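Novice: Can you look at this prediction? I've put the sequence above it.
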Amino acid sequence: MLQLNPIIAITAAITVLFIGLPERSCKDQNQSGTPRESGTPKMEITKVAEGVWGGPHIIMEVTADSAVITYDCAVGTIDEPIKIDKDGRFAVRGTLTRQRGGSVRSDETPDRQTARYVGRVESKSMTLVVTLPNKKETEGTFYLKHGERPELTRCM
């Protein structure tokens with residue numbers, strides 16, 4: 001009877017075991033490190049569609065890297081890309097500057113506040129909640145549609 005060296009026998013058994021396993025790489029794993037089902041697309045970070053988003057009392061002009069917001073009596077900025085998750089949700093920081101009617105004095109300091117913009121995009125619709133964290137108040141909840149440019153009622 002033929003006797004095998006135990007090291008050779010173990011090496012042969014391990015080789016046979018691994019030959020039967022499917023080949024996987026880091027590309028085949030999701031962010032938690034677990035294998036992804038074949039055919040499952042990678043989760044891609046997407047951004048809010050560029051262009052004009054408008055609704056009652058608000059217009060938001062989105063670019064690849066920022067957004068400018070005009071309200072009836074304020075203006076705002078978002079100085080970063082608006083990235084949305086797989087559910088269409090986003091949360092970004094920016095500014096909001098309240099305005100008032102009438103002339104502005106040259107020595108007047110703008111009422112600029114840090115703002116938090118939290119929202120959700122579904123197709124061509126967006127819900128946007130604007131809060132002022134330093135004042136612990138909500139500026140408003142707005143409903144916008146991509147491609148719409150409504151009329152604003154400017155401050156008087």
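Specialist: Alright, I've got the coordinates. Residues are numbered from 1 along each chain as shown.
Novice: Can you list the neighbours in contact with the longest strand seen in the chain?
Specialist: Ordering each strand of the chain by length in residues (DSSP state E) puts strand 111-122 first. Here strand 111-122 makes contact (Cβ atoms under 8 Å, 6 or more residues apart in numbering) with 48-49, 76, 78, 82, 84, 87-99, 126-135, 139. Yep, even glycine has a C-beta here, placed from its N, CA and C like the rest.
Novice: what are the pairing partners of that strand, and which direction each?
Specialist: The sheet places strand 111-122 alongside strand 89-98 (antiparallel), strand 125-132 (antiparallel), with pairing taken from DSSP bridges.
Novice: hmm, back to that, drop anything exposed from the contacts of strand 111-122.
Specialist: 48-49, 76, 78, 82, 84, 88, 90, 92, 94-96, 98-99, 126-128, 130-132, 139 (16 or more other Cβ atoms under 10 Å).
Novice: Let's have the strands paired with strand 111-122 in CSV, adding mean pLDDT.
Specialist: Formatted as CSV, these follow (pLDDT from 0 to 100):
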stretch, mean pLDDT
strand 89-98, 96
strand 125-132, 97
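Novice: can you put the ones you listed in JSON lines and add distance to Arg116?
Specialist: Listed next are these as JSON lines, based on distance: least, Cβ to Cβ, whole Å:
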{"stretch": "strand 89-98", "distance to Arg116": "6"}
{"stretch": "strand 125-132", "distance to Arg116": "5"}
